[in-house]
Structures are given as structure tokens and as C-alpha cells.
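Chemist: no sequence on this one, just coordinates:
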């Protein structure tokens with residue numbers, strides 16, 4: 001339907017990878033709805049062009065622009081930058097109804113039936129089920145609702161410093177009023193949760209329709225071994241609770257997203273680099289005279305490099321900082337800044 005859309009948000013080039021997998025998974029399961037991506041200025045022009053291959057509309061949102069509708073709210077609540085960006089989804093009044101999905105989600109089947117639900121429909125949060133998780137929700141775009149949300153954000157803020165706290169307080173009747181607005185958990189299953197009710201997961205987990213990669217480590221942060229078709233790393237890592245979901249994400253990335261990145265020249269250099277490195281490994285191995293060809297071939301097959309996205313110059317990055325456009329979700333995150341400071345202090 002042309003007047004209904006799935007909507008997501010990408011705040012930097014890394015999250016674009018997530019958005020591309022989400023969009024590709026929606027297409028794979030033949031959604032009949034439009035696909036819309038909101039992006040911030042931190043997304044490079046090259047990655048924006050790739051998004052335009054998957055999404056029907058790619059819309060730039062810059063809350064730091066004085067002409068932006070959320071700019072005044074940001075001045076009063078600077079900690080809500082990403083949240084105020086996400087609220088722009090209510091401005092998409094060219095659509096009568098939308099389903100918002102975070103860029104770290106992926107669909108495992110067609111979920112167009114969600115458009116039969118009303119605002120605000122969402123699934124319980126695994127950490128506090130009386131709150132909904134704002135990674136997937138059904139809503140009706142409305143300038144009136146958008147204005148009310150902005151005013152609410154300015155006056156009340158958010159109890160968790162993010163959009164989930166704000167939206168749960170604004171739509172406070174969700175927990176008690178209308179059960180038809182409670183989406184089944186299979187529409188927003190956290191891939192990182194250790195479910196205390198394991199029999200239920202075993203009984204219903206196979207019916208999962210949407211998987212949500214919550215937590216600081218996202219699927220694109222892992223390295224994928226295309227030979228074994230699985231992620232590399234320690235499977236005992238407590239963060240990797242359901243490796244099958246991670247492998248599904250990477251399967252979609254390799255099949256649908258990587259070819260698009262290669263078409264735009266984003267990963268071509270990486271492939272060439274791996275081939276050169278493989279050649280060097282062969283040369284060094286055979287020059288020692290002790291290695292058998294089969295052993296070398298096996299070792300080289302494990303050489304892999306995660307696609308590296310275009311990096312901006314230090315001058316460009318400094319300019320973004322001066323404009324207040326630090327990439328808080330990516331290279332300029334608190335953890336990265338702390339690591340940099342630690343290297344100076346050691």
C-alpha cells in the first residue's frame with residue numbers, strides 16, 4: 001500500500017549496514033509496504049546512495065539545523081539528540097500508518113499484518129515488561145502528535161535518557177488499557193537476552209518474526225567467516241546467546257548488501273587487500289620450505305577482513321565536532337573517547 005511504510009533510522013555509516021540488512025530482509029519476505037529511512041548528517045554521501053537502492057525514500061534529519069522543527073527542543077535537552085531525531089518519524093504525514101523498526105532489527109518472515117494494529121502498538125521489553133521496547137512500534141504520523149512529543153520531551157525529558165523512556169511515559173496507558181496494542185514477543189525478540197523461561201523459548205522461539213540485536217555489540221561488529229558461514233569468535237561469549245540469529249544477519253548481509261557495497265566501490269579495495277595478503281602468505285610460507293601446500297591453503301582460507309566503510313579526514317571530523325555533529329553512536333562514542341584518553345594516560 002502506497003500510504004503505509006516501514007521506517008528506520010541510521011545515525012552513521014555503521015548503522016546504515018544494519019538498515020540495509022533490515023530493508024533487504026523486508027524485501028526478501030515480499031512486503032507490500034514502502035520502505036523509508038531517516039538519516040543524520042553523519043551518514044556519508046556514498047552510503048546514502050546505497051540506501052537509495054533499497055529504500056523508497058531516504059530523508060535527511062538534522063536537529064542541529066536552526067530551521068529544524070526539533071532544534072529548540074534540542075537546545076533545552078541536548079542529551080536527547082538521537083531521540084529527537086527518531087521522533088521525526090511522526091512527521092512522515094505522507095503515510096497514514098507506519099511501523100518503526102530500529103536499524104539493529106531484522107525480519108524473519110512477512111510482518112505486514114502489523115499495519116492492522118493501532119498506535120501505539122509494541123512488544124514488552126524483556127528487562128521490564130510493563131514498558132514496551134521502542135525498537136519496533138506501530139504508529140500514525142501526525143504533526144499534532146509530533147508537536148506534543150517535542151513539548152513533552154522539553155518539559156519532562158526521558159527517564160532512561162533515550163527514546164524508550166520518553167515514549168513509554170508519553171504513551172503511559174500502554175501497560176494497562178488496551179491489550180490489542182501489546183504485540184506478541186515474537187515481533188521484537190532480543191537476540192542477547194538469556195530467557196529465564198527457557199521452555200517457552202524452546203516452544204515459541206522458532207516462530208520469531210523479528211529479531212532485535214540489543215546491546216553495545218552489533219552484528220556488523222563481528223567478523224564473518226564466509227567459508228564456514230558463521231561468525232568468528234568465542235561462542236562462549238555471554239553476548240552471543242543465539243548465534244543462529246547472528247549468522248542469519250550475516251547471511252543476508254553477504255547475499256544482499258555486500259553486492260551493493262561492491263557496486264559502489266566501497267569494499268572493492270578490501271577484497272584486493274585480502275588477495276594481496278593471501279599472496280604474501282603463500283610466498284612467505286613456501287620460501288621457508290617447511291610448509292605443505294594444503295596447510296597453507298587452509299590457513300589462507302581463514303584470512304578475512306570486515307568491510308571498512310569510508311573514513312573521513314581529521315579536518316572533516318573536527319569540522320563536525322565544531323558544528324556539534326559528533327558521531328556519538330560510532331567513532332565519537334564515549335567508549336572510543338575513553339580508550340583514546342587511556343592510551344595518553346598510560
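Modeler: Sure, I can see it. A quick note: this is a predicted structure, and the numbers were derived from the prediction, not measured. Residues are numbered from 1 along each chain as shown.

Chemist: Show me the longest strand that occurs in the chain.
Modeler: strand 128-139 (DSSP state E).

Chemist: ok, then the element right after that strand?
Modeler: helix 143-156 (DSSP states H and E).

Chemist: I'd like to know which elements that next one is packed against.
Modeler: When contacts are defined as 3 or more Cβ pairs under 8 Å, 6 or more residues apart in numbering; DSSP states H and E, helix 143-156 sits against helix 71-76, helix 81-87, helix 163-170. In short, each C-beta sits where N, CA and C put it, glycine included.

Chemist: which residues are in contact with whichever helix or strand comes after the longest one?
Modeler: Translated: helix 163-170. The helix or strand immediately downstream of helix 163-170 is strand 189-190, counting by DSSP H and E. Contact with strand 189-190 is made by 126, 133, 205, 208, 210-212, 214, as judged by Cβ atoms under 8 Å, 6 or more residues apart in numbering.

Chemist: Go through the helices and strands packed on helix 143-156 and name the closest to residue 219.
Modeler: With Cβ to Cβ as the measure, helix 81-87 is the member of those nearest residue 219 (19.4 Å).

Chemist: ok, and what's touching the helix or strand following that closest one?
Modeler: Counting by DSSP H and E, the next helix or strand C-terminal to helix 81-87 is strand 97-101. When contacts are defined by Cβ under 8 Å, 6+ apart, strand 97-101 is touched by residues 3-8, 22, 33, 36, 86, 89, 92, 111, 114-115, 119, 134-141, 210.

Chemist: what pairs with strand 97-101, and is each one parallel or antiparallel?
Modeler: Counting by DSSP bridges, the strands paired with strand 97-101 are strand 4-10 (parallel), strand 128-139 (antiparallel).

Chemist: Off-centre distance for the shortest one?
Modeler: Going back to what we said before, that points to strand 4-10. Distance of strand 4-10 from the chain centroid (Cα atoms, centre = their mean, to the nearest Å) equals 12 Å.

Chemist: go on, stretch 34-41?
Modeler: That offset, for stretch 34-41, works out to 12 Å (Cα atoms, centre = their mean).

Chemist: what sits up against that stretch?
Modeler: 2, 4-12, 16, 19, 23, 26-27, 48, 51, 54-62, 64, 85-86, 88-89, 92, 95, 98, 320, 325.

Chemist: What mean pLDDT does it get?
Modeler: Taken as a whole, stretch 34-41 has a mean pLDDT of 97.

Chemist: What are the buried residues along that stretch?
Modeler: Buried residues in stretch 34-41, counting neighbours by 16 or more other Cβ atoms under 10 Å, are found at 34-41.

Chemist: try stretch 122-134
Modeler: Buried residues in stretch 122-134 (16+ other Cβ under 10 Å): 122-126, 131-134.

Chemist: all strands for this protein, in order.
Modeler: With DSSP E, the ranges of strands along the chain come out as 4-10, 34-39, 57-60, 97-101, 105-107, 121-125, 128-139, 189-190, 210-212, 224-225, 230-231.

Chemist: Distance to residue 164 added to the ones you listed, as a markdown table?
Modeler: Listed next are those as a markdown table, based on distance: least, Cβ to Cβ, whole Å:
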| stretch | distance to residue 164 |
| --- | --- |
| strand 4-10 | 14 |
| strand 34-39 | 17 |
| strand 57-60 | 22 |
| strand 97-101 | 12 |
| strand 105-107 | 14 |
| strand 121-125 | 7 |
| strand 128-139 | 4 |
| strand 189-190 | 13 |
| strand 210-212 | 12 |
| strand 224-225 | 29 |
| strand 230-231 | 27 |
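
Chemist: Of all those, which one is nearest residue 81?
Modeler: With Cβ to Cβ, the closest approach to residue 81 among those belongs to strand 4-10: 12.1 Å.

Chemist: and the closest one with strand 34-39, angle?
Modeler: Counting by axes from the mean of the first three to the mean of the last three Cα atoms, to 10 degrees, strand 4-10 lies at 20 degrees to strand 34-39.

Chemist: any residues touching strand 4-10, and which ones?
Modeler: When contacts are defined by Cβ under 8 Å, 6+ apart, strand 4-10 is touched by residues 15-16, 18-19, 22-23, 26, 31, 33-40, 43, 51, 56-57, 61, 85-86, 89, 92, 95-103, 115.

Chemist: Filter these down to the buried ones and hand me the ChimeraX line.
Modeler: Per 16+ other Cβ under 10 Å, the buried members of the contacts of strand 4-10 correspond to this ChimeraX selection:
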select :15,16,18,19,22,23,26,31,33,34,35,36,37,38,39,40,43,51,57,61,85,86,89,92,95,97,98,99,100,101,102,103,115
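
Chemist: Low-confidence ranges, this structure, go.
Modeler: Counting by pLDDT under 70, the low-confidence segments of the chain come to 194-197, 233-241, 268-336, 338-346.

Chemist: Which segments of it make up each domain?
Modeler: Domains of the chain are assigned by automatic domain parsing as 4-207, 268-306, 314-338.
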